[in-house]
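[1] Sequence first, then the predicted structure:
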Amino acid sequence: MNKIQRILLPMVILAIMAFSTASTVLTQASSTGLVNPNTLTIAGSSTVYPIANEEASQFTSYWNSLVAANPSWGASQITEPIAVAGLGSGTAIPALINGQADVGEMSRPPQNSSSEWLAPSMANMQIWAVGVDSVAIVVSPDMTWFPTNLTTFQVAKLFADQPSSYTTPYYNTWGDFLADYYNGTSNIPSSVPAAAMSTTILRAVRDPTSGTFDCFNNYFAVPNNFQFEHKTNGTVDNSQEMATYTYCEENINIYNTVSAGTLASASDYIGFISLGYLSTYGHMIGLNIAYNVANLPSSTISYVTPYIWGPYVAPTKPNVVYGYSGVKGSAATGQYSAWRWLWEVTPNTIPSTGPLLETGVWIAYMREQGTTQNGTSDFVNDQSYIELSPADMAGGQVINSALAPYTPLPGQTQTIPDGKVNFADVTYFVSAYIAYNTKGIYNPYADLNADGKIDFNDIKAFVTAYINYYVTYNP
C-alpha cells in the first residue's frame, strides 16, 4: 500500500463510521424471485448483447462457486443455460413488466412514458451504467469514392424526407448528394464511378425504439432541427421524417446489410451502427463527423443559426472517451460527441440475500476487471466498448431519452457515473456500504470485486481505483 492509499483508506473508513448512523434514501429491496430459479434471464439491447453473451459463458461457474461458499444467501445455483436475448432496447422493460426477464439491457435511458419509466410495476426501477458506446455513420466497404468527412446536418439530410410532404427524399441518388456536397456536378471528383451518379441511395436503419436509433436521433437529427422519432403519448412507436429505408431490427442486421453492399449490384448502403460493432467487425467505412457544437443535445435546448461546426472527428474509442469525459488521452484526435451509456435495468432494488442477489452480481461482474478468458480485461472492453472506472459511481443525474435530466420516482435513487472520479463517488460508496450493512440492500457499483458482498475488501478496492484514476488522468 503506497503513501496516498495509507492516507485515503483511513479517511474512507472514518467516513463510513460517520455515516453509519445517518439515514439513507435507498428503499428496502424486494424479495421477488427470478423468472426461472435455475438460471438468469436477460433481454433487451442488441448493442449490449455481445457483452452479455460473453459474460453468460463464464457467469454460471462464477456464480455457482459463490453460492457454494455462501449458503446463508439462500440463493440457488444455476443449472440451466443463461438466456440472453438482444432484440433491441425497446424490448427490455416490456420483458421486465411481463415477467419474462430478470435484467433488462438498454443502450438508451428509459422513456418518460406509461410503457417504460412510468409503468406502475417499474415504480422502483433501478438503472445501472456498465459502459459507454457511440454511434458511427457507416457506408459499404467498396464506397471509397464517398466523402470521408460529413457534418451532422449532411448526415441528417441523407436520411430525411423533405418537410413539404415527407414523401420525397432530399437526395434520391448518390449523384444528387454529391452534386450538393461538391457544389455542382462539375466539381465531383473523377474517382466517383459513373454508375454511382444514378444509383438510388439505400439506407439501413435500426428500429426506432432501439438505443442506437435514439442516439442517432439525439446527435444527428435533433441538433439540426430534424426529428426522426415519432411518439404517441410519450412512447416511440415509429420513425418520422425518414426517407425510404431498409429496416434492421438489430445492430448485426445493419452490419450484414451495409457490409454486403456493392455498387455492381446497386446495393451500396449508408447506415448507422453501434461503434462496438464497427470496431469488432470492420468491413465498413466509418465516416468522420463534424458536430453542430452550438446545438449539442447535452448543452442547449434552443437552436442557434447559422450552425457552428466543430472539427471533423473519427469514430474511435479514444475520441468518444474524450467526448463524454472531457479527458483527452494520448490517442485522441478530437471529441466524437455521439455517445450513450450502456445500461443494466432491474425492476426493483436488489437485496443482499435471496434469489435476486444473482441479478446484482451479474451487473457487478460485468464491470469487474480481469474477467475475460485472458484474465487481463473485462467484458465491456473485450467487446470493443468503453469501460468505466470502477470508482466512478456518482455525479450525473438520470437522463431521459431527450438527454435532459430526469428526477426518478421514489425508489429510483441511484445516480449515474459522470466520467470522473471525485468526492461525490466517495460519498456514494459510503452510502452504499452503509445501506448494505444496515438495510440489506446490495449495490452492484459498490461491490468492486463482484463477490456478492460489500465489505472491507471493497473499501480497499475502491481506494485503489480512486488512486488509479488520478494517476492515469491527473485531473
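    Cool, got the structure. All values derive from a computational prediction rather than experimental measurement.
[2] pLDDT below threshold where in the protein?
    For the chain, applying pLDDT under 70 flags the ranges 1-31, 298-305, 373-376, 400-402, 405-414, 474-475.
[3] Tell me which residue lies farthest from the centre of it.
    Ser186 (42.8 Å; C-alpha atoms, centre = their mean).
[4] okay, now the closest residue in space to Ala446 that isn't next to it in sequence: neighbour count?
    Leaving aside its chain neighbours, Ala446 sits nearest to Ala432 (3.7 Å; criterion: C-beta to C-beta, 6 or more residues apart in numbering). Bear in mind the C-beta positions are built from the backbone N, C-alpha and C, glycine included. By the criterion of other C-beta atoms under 10 Å, Ala432 has 25 neighbours.
[5] Enumerate the positions of whichever strand or helix holds Tyr247 that are buried.
    Tyr247 belongs to strand 246-248 when assigned by DSSP states H and E. Within strand 246-248, the residues that count as buried by 16 or more other C-beta atoms under 10 Å are Cys248.
[6] still on that earlier bit, in what helix or strand does the residue nearest to Ala446 lie?
    With DSSP H and E as the criterion, the answer for Ala432 is helix 423-439.
[7] Tell me which stretches of the stretch 151-300 of the chain form helices.
    152-159, 174-181, 194-197, 211-216, 251-259, 275-281 (DSSP state H, counting those that start in this stretch).
[8] Pick the most deeply packed of these.
    helix 211-216 (a mean of 29; mean count of other C-beta atoms under 10 Å).
[9] neighbouring contacts of that helix?
    Under the contact criterion C-beta atoms under 8 Å, 6 or more residues apart in numbering, helix 211-216 has outside partners 45-47, 88-89, 106-108, 134-135, 205-207, 228-229, 236, 239, 251, 254, 272-274, 338-340, 401.
[10] and if you look at stretch 350-357?
    So stretch 350-357 is in contact with 29-34, 37, 72-76, 102, 126, 346, 348, 359-360, 436, 440-444, 452-454, going by C-beta under 8 Å, 6+ apart.
[11] Can you give me the end-to-end span of that stretch?
    End-to-end distance of stretch 350-357 (C-alpha to C-alpha, to the nearest Å): 6 Å.
[12] So which bits of stretch 428-446 are buried?
    Neighbour-count burial for stretch 428-446 [16+ other C-beta under 10 Å]: 428-436, 439, 441-446.
[13] Longest strand in the chain, by number of residues?
    Counting residues, the longest strand found in the chain (DSSP state E) is strand 126-139.
[14] Please tell me how far it is from the chain's geometric centre.
    Taking the mean of its C-alpha atoms, strand 126-139 sits 3 Å from the chain's own mean (C-alpha atoms, centre = their mean, to the nearest Å).
[15] tell me, how many neighbours does Phe379 end up with?
    Around Phe379 there are 26 other residues, counting by other C-beta under 10 Å.
[16] Ala364 versus that one, what's the distance?
    Using C-beta to C-beta, to the nearest Å, one gets 12 Å for the distance from Phe379 to Ala364.
[17] what do you get for Arg108?
    For Arg108, the distance to Ala364 - C-beta to C-beta - is 22 Å.
[18] what ranges do the helices span in the stretch 1-150 of the chain?
    Using DSSP H, counting those that start in this stretch, helices in the stretch 1-150 of the chain cover 3-19, 49-69, 92-97.
[19] Show me what counts as buried in the shortest one.
    For helix 92-97, the neighbour count (16+ other C-beta under 10 Å) marks Ala92, Ile93, Pro94, Ala95, Leu96, Ile97 as buried.
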